[in-house]
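1. have a look at this prediction, sequence included:
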Amino acid sequence: MDTSPTQDLVFDVGMNNGDDTAFYLECGFRVVAVEANDALCRQVAARLPKAIASGRLKILNVAVAGDPGQVEFWINEDHPEWSALDVASAARGGHRHRKVKVPAVRFGSLLREHGVPHYLKVDIESADHFCLEGLREVGRPEYLSVEVSDVALVDACRDLGYRRFMLVEQSSLLPIDDWTGPFGWTAQWSRILTAHRAFPFRLIRKLVGYQRIRSWGSRSRRFPGRDFPIGSSGDFGPNLTGTWISADEVKALWHRHHRHWTSHGREFWCDLHAGV
């Protein structure tokens, strides 16, 4: 089979509520969207019926795993985007969660069936490495993004042949080395107030409201011609506003910010973008 990237194809692995999928469709791409939560698959199918009918969108209700078959998948009832194969990941923070059985596939099989995409977005809560293994088996897209909670993912991407990297903070959608200015500071304060575990911050969240605080950082998510909803992954590839750096530079940047945020009792989440 031809393993070169298909220029009009995007994979959205971890589709969630379909905000990212809808954006890729609006940009003119065909989308293969992968989501293990059946309720979210039905929700997005009802949201985007024309794209499905035209063949531009395929929604696959499966989990990406190491082996095909049936797997246990844990659904977080309060934050569906935290649902995961790993119960510890799905249940973090003491949130309500439940177990379901879902069909599992190897990511390489999806690539062989649908083609290697131009861009691959991966956000599947600690199971992202299964997708990277599939790329190693079949072929790599020109651009990818993956939620990076372990800096070892940088080395895995470099081993795949990626040479350009950028870290993008998930709440603000700003490159991590570009948090200056009013948008950056507003986004940082929103992130601090929603993520810090100390009592004063928990009290503020209770009094003001979690979603209201998150909305304070939404100005940084406004780009020319597009307002990205909270929870979406934003733009990708050549449209990113930051500076591409090397693997060693991005690892040093991740370590510096990870130490800073976690030392103050906050979680640190960002997306690693990579380009060939």
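-> Alright, I've got the coordinates.
2. rest of the way, CA atoms for contacts and neighbours
-> Will do.
3. can you count the residues close to Trp254?
-> 24 (other CA atoms under 10 Å).
4. swap in Pro49?
-> The burial count for Pro49: 12, using other CA under 10 Å.
5. do the same with the one 5 residues further on
-> Burial of Ser54 is recorded as 9 neighbouring residues (other CA under 10 Å).
6. which residues are in contact with it?
-> Applying CA atoms under 8 Å, 6 or more residues apart in numbering to Ser54 gives no contacts.
7. okay, it: pLDDT?
-> pLDDT for Ser54: 98.
8. ok, now Glu72?
-> In this prediction Glu72 is given a pLDDT of 90.
9. over to the one 10 residues further on?
-> Each residue has a pLDDT score; the one for Trp82 is 80.
10. nearest residue to it other than its sequence neighbours?
-> Distances taken as CA to CA, 6 or more residues apart in numbering put Ala90 closest to Trp82, at 5.3 Å, once the chain neighbours are dropped.
11. so where do the helices sit in the stretch 151-276 of the chain?
-> Remark: helices assigned in the stretch 151-276 of the chain by DSSP state H, counting those that start in this stretch are 152-159, 181-195, 199-208, 210-215, 247-263.
12. for the residue nearest to Trp82, phi and psi?
-> phi -70, psi -30 (degrees, to the nearest 10).
13. give me the number of residues near it?
-> Neighbours of Ala90 using other CA under 10 Å come to 27.
14. show me what contacts it?
-> Trp74, Ile75, Asn76, Trp82, Ser83, Ala84, His97.
15. quick one: contacts for the closest residue to the second one other than its chain neighbours?
-> Read it as Ile75. Once flanking residues are discounted, Ile75 sits nearest to Ser83: 4.4 Å by CA to CA, 6+ apart. Counting by CA under 8 Å, 6+ apart, Ser83 makes contact with Asn37, Phe73, Trp74, Ile75, Asn76, Ser89, Ala90, Glu125.
16. that older thread, any idea which of the helices of the stretch 151-276 of the chain has the lowest pLDDT on average?
-> Among the helices of the stretch 151-276 of the chain, helix 181-195 scores lowest, at a mean of 58.
17. flag every buried residue along stretch 87-104.
-> Within stretch 87-104, the residues that qualify as buried are Val87, Ala90, Ala91, His97, Lys99, Val102, Pro103, Ala104, counting by 16 or more other CA atoms under 10 Å.
18. which ones among these map onto helices?
-> Secondary structure assignment by DSSP state H places Val87, Ala90 of the buried residues of stretch 87-104 in helices.
19. quick check: Ser149 touching His258?
-> No: with contact defined as CA atoms under 8 Å, Ser149 does not count as touching His258 (9.3 Å).
20. anything in contact with each of these two?
-> Phe268.
21. ranges for the helices of the stretch 1-150 of the chain?
-> Under DSSP H, counting those that start in this stretch, the stretch 1-150 of the chain gives helices at 19-26, 38-47, 49-53, 87-90, 107-114, 129-138.
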